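A.B. asks: 3D model of this:
(3 chains)
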Amino acid sequence: MRFWLLDAIEEVVPGERLVAVKNVSYSEEYLQDHFPEFPVLPGVFMLEAATQAAAWLLRLSDPQAPAVIALKEAKNVKYGGFVSPGQSLRIEVSLIKHEDGLAAFKASGTIGEKSSLSGRLVLECYNLADTDPAMADADERLRGYFKRWLPAILKPQLLA
Amino acid sequence: MRWFWVDRFTEYVAGVRATAEKGVSLSDDFIHDHWEGYPVMPNTLIAEGMAQTSGLLVSELYGFQELVVLAKFTKLEFDGLVLPGQQLTYKAQIGHRKEVGAQASVTATVDGRRQAAAEIFFARLQNDSGPESGLPDRLFDPDDLCHWLHITGVFRVGKREDGSPMKPADYGLPVYG
Amino acid sequence: MPAQEEIFAKVQEALVDALGVEEDEVTPEAKLQGDLDAESIDFLDIVFRLEKAFNIKIERGELFPEDILTNTDYVADGKLTDEGFAKLKERMPFANLDAFEDNPVVQNLGKQLTVQDMCNFVEHKLG
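C.D. replies: Sure thing, here's the model as predicted:
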């Protein structure tokens, strides 16, 4: 499968917040195992959706953003409700702090009024070339990849 | 993509602790999206590996019969990224337990170096309010569950605290042959 | 029995770890639900940590008597009856229930519980 846990980015305020959605569908293969008698979006995929939303907020806030943006820490990640096929999870992330290559966020996932996910995340941002100059081309490939795929999920009117 | 984030248990002491392995490979299709140009194991899937290792321990506390689900990551920490060709070792330890759920601590290492750590809460849900609760009677068909426990080696290495082996029949699971 | 400062420090640590909040957010006046975003699963987490930190055993409903709040003998129109309130006071001698007594809407009890109430609870358990 593709590892895109967001279907559409709906709102972006650079440096502040981002809202995106993840639709859950029976066509997603992992639902047959999670769980065989109760197909629901795995909790870690809600977390991955929030992580991807936070990473996109950083990339959309700074064209020079580092190539690697990865989950470093998560605290008090709570699951309030299940997300079933046919439902659409609304992910919102807000940036709390950003310094020394670490960005802290508050994240939430909701279905209508009901909370499915809440928590705090810290993402780590760096270039592979920072520690190994030979990796500079990998940094460029990563940047190119994100740039190429962004239009697929960013609403056209946000693609200024 | 299927949802098996532990390849094999190498130790399983019911009610106490478990050790499991997960090999990271370029043949995993999702890894080419995470990321193209620099494929690595997504940290959230390492979190899932830690949750499955500890979740199967917690689920056993209730005879593998109940609705045991991930309720909270109190803490998750990652030290860098895991590359294809590396092998993750998950070590889980059961902590506090109450009738409504249990807590576990898990670490993930690669070649003895710490890669991740987690403190996880599992809730034991009660489907006592009927269909309107939206909850199923069970998460797994006994055949599916038994299959999962067999292919990951739980019944090969699984022991109780007194050293006696765990058997599918003890849990009312199908016995083949 | 440990001094009040020591109890507060340990309660603070338990809340920082269980709720992922910063130390300076956990003041005695901070409301567990309103200010620190504590939900029911967190109370279980907090209870585990308090049991370990103070070497005590906390039974279900001891810190937060859900059974009274859901008992139809004690609740009318979503509010606790006088009898119910008396029962609650008996079960929660550690909590300051003055504000709640003015308008005992069942749903508000949790929202008014503060860090200080939790420290008082521990002190009460140790006493």
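A.B. asks: quick one: the lengthiest helix in chain B near chain A?
C.D. replies: What stands out as the longest helix in chain B, according to DSSP state H, is helix B:43-61. Yes. Applying C-beta under 8 Å from any C-beta of the partner chain, one finds helix B:43-61 touching chain A at B:43-45, B:47-48, B:51. (Each C-beta comes from the backbone N, C-alpha and C, glycine too.)
A.B. asks: can you name the residues of chain B sitting close to chain C?
C.D. replies: B:71-72, B:74-75, B:95-96, B:98-101, B:103, B:121, B:123.
A.B. asks: tell me who's in contact with the residue nearest the centre of chain B.
C.D. replies: Centroid check for chain B by C-alpha atoms, centre = their mean gives residue B:52 as the closest residue, at 1.4 Å. Contact analysis of residue B:52 by C-beta atoms under 8 Å, 6 or more residues apart in numbering or on different chains lists B:5-6, B:20.
A.B. asks: for it, report the pLDDT, please.
C.D. replies: Looking at residue B:52, its pLDDT stands at 98.
A.B. asks: picking up where we left off before, take the residues of chain B next to chain C and keep only those in strands.
C.D. replies: B:71-72, B:74-75, B:95-96, B:98, B:101, B:103, B:121, B:123 (DSSP state E).
A.B. asks: and residue C:13, how many residues sit next to it?
C.D. replies: By the criterion of other C-beta atoms under 10 Å in any protein chain shown, residue C:13 has 14 neighbours.
A.B. asks: one step back: out of the ones in strands among the residues of chain B next to chain C, which touch chain A?
C.D. replies: Answer for these near chain A (C-beta under 8 Å from any C-beta): B:71-72, B:74-75.
A.B. asks: nearest spatial neighbour of the residue in chain C that chain B sits nearest to, skipping sequence neighbours?
C.D. replies: Going by C-beta to the nearest C-beta, chain B is nearest to residue C:48 of chain C, at 4.1 Å. Sequence neighbours aside, residue B:96 is the residue nearest to residue C:48 in space, at 4.1 Å (criterion: C-beta to C-beta, 6 or more residues apart in numbering or on different chains).
A.B. asks: report the contact partners of the one you found.
C.D. replies: Here residue B:96 is in contact with B:102-103, C:48, C:51-52 (criterion: C-beta under 8 Å, 6+ apart).
A.B. asks: residue of chain B nearest chain A, please.
C.D. replies: residue B:37 (2.9 Å).
A.B. asks: quick one, phi psi at that residue?
C.D. replies: Backbone torsions for residue B:37, taken as degrees, to the nearest 10, come to phi 90, psi -30.
A.B. asks: neighbours around it, how many?
C.D. replies: 17.
A.B. asks: and the one 3 residues further on, by the same measure?
C.D. replies: Applying other C-beta under 10 Å, we find 17 other residues in the vicinity of residue B:40.
A.B. asks: pLDDT score assigned to the spatially closest residue to it that is not a sequence neighbour?
C.D. replies: Once flanking residues are discounted, residue B:40 sits nearest to residue B:81: 4.2 Å by C-beta to C-beta, 6+ apart. Note for residue B:81: predicted pLDDT of 98.
A.B. asks: and residue 145, how many neighbours?
C.D. replies: All of this is about chain A. 16.
A.B. asks: the chain in question should be chain B.
C.D. replies: 23.
A.B. asks: so it is in which element?
C.D. replies: According to DSSP states H and E, residue B:145 maps onto helix B:142-151.
A.B. asks: what about burial for the contacts of residue B:52, which qualify?
C.D. replies: Among those, those scoring as buried are B:5-6, B:20 (criterion: 16 or more other C-beta atoms under 10 Å in any protein chain shown).
A.B. asks: I'd say residue A:2 and residue B:31 touch.
C.D. replies: No. Under the criterion of C-beta atoms under 8 Å, residue A:2 makes no contact with residue B:31, lying 11.2 Å away.
A.B. asks: and the longest helix of chain B, how far from the chain's centre?
C.D. replies: Relative to the centre of its chain, helix B:43-61 is centred 3 Å away, using C-alpha atoms, centre = their mean, to the nearest Å.
A.B. asks: check stretch A:105-113 too.
C.D. replies: 12 Å.
A.B. asks: low-confidence ranges, chain B, go.
C.D. replies: B:129-131 (pLDDT under 70).
A.B. asks: let's see 80
C.D. replies: B:127-133, B:177 (pLDDT under 80).
A.B. asks: got it, and chain A?
C.D. replies: Ranges of chain A meeting pLDDT under 80: A:1, A:159-160.
A.B. asks: residue nearest the centroid of it?
C.D. replies: Closest-to-mean residue, chain A, C-alpha atoms, centre = their mean: residue A:52 / 1.6 Å.
A.B. asks: where does chain C get nearest to chain A, which residue?
C.D. replies: residue C:20 (3.0 Å).
A.B. asks: ok, now which ones touch that residue?
C.D. replies: A:75-76, A:119-120, B:74-75.
A.B. asks: now the residue located most distally from the centre of chain B: closest residue in space, sequence neighbours ignored.
C.D. replies: In chain B, the greatest distance from the average C-alpha position (C-alpha atoms, centre = their mean) is reached by residue B:37, at 29.8 Å. Nearest non-adjacent residue to residue B:37, counting by C-beta to C-beta, 6+ apart: residue A:141, 2.9 Å away.
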